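>>> next one to model:
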Amino acid sequence: MDSNETKDPIDSALSLGTTYFKNGQYQDAKKLFIKALWLIKSYSKEDIINIRSREGLTSGTIPNSPVIHPKLIKLLDNVAACYDKLGELEKALAIGDKMIRKEPYNLKCYIRRGKILQKLYRDTHAYK
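Below is the predicted model of the structure:
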């Protein structure tokens, strides 16, 4: 990284939040991931397209769908994992559902939702 470049705040939040999570500080990790999600919401469509372009990605994942930040699903997945560890499984499931709505072709979304459904003893739904 060039000395004039600053680290992306979303990457910084992911890094620090992951450290919190690994240290069992799930509440702190969750707060940080949620703040990063609020920051992403403040980005314009053009900002997100530029970020996606810098990362070598197309402007969108699905034709005629909203352009989403490339780290959105990762952040949502991390929030769901925090809720899971905090025993708030219904909230984790709601985040899993949101992940699927945002990126329905991302397998990670279905894996997270399936794991949570299993913990809620909804095995039939998890299987589907």
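
>>> where does the residue lying closest to residue 110 once chain neighbours are set aside land on pLDDT?
Distances taken as CB to CB, 6 or more residues apart in numbering put residue 100 closest to residue 110, at 6.7 Å, once the chain neighbours are dropped. (Glycine included, C-beta is placed from N, CA and C.) We have a pLDDT of 92 for residue 100.

>>> cool, the one 5 residues further on as well?
At residue 105 the predicted local confidence, pLDDT, stands at 87.

>>> what about it, distance to residue 74?
Distance of residue 105 to residue 74, given as CB to CB, to the nearest Å: 15 Å.

>>> who has more neighbours, the two?
Applying other CB atoms under 10 Å to residue 105 and residue 74 shows that residue 74 carries more neighbours, namely 17 against 9.

>>> need the longest helix for this protein.
Criterion DSSP state H: the longest helix present in the chain is helix 26-42.

>>> now do the next helix or strand after that helix against helix 26-42, angle only.
Counting by DSSP states H and E, the element after helix 26-42 in chain order, helix or strand, is helix 45-54. On the basis of axes from the mean of the first three to the mean of the last three CA atoms, to 10 degrees, helix 45-54 is oriented at 110 degrees to helix 26-42.

>>> which other helices and strands does helix 45-54 contact?
Contacting helix 45-54 under the criterion 3 or more CB pairs under 8 Å, 6 or more residues apart in numbering; DSSP states H and E is no other helix or strand.

>>> can you tell me what sits against that helix?
Outside helix 45-54, the residues within contact range by CB atoms under 8 Å, 6 or more residues apart in numbering are 43, 58, 59, 67, 68, 69, 70.

>>> just how off-centre is that helix within its chain?
17 Å (CA atoms, centre = their mean, to the nearest Å).
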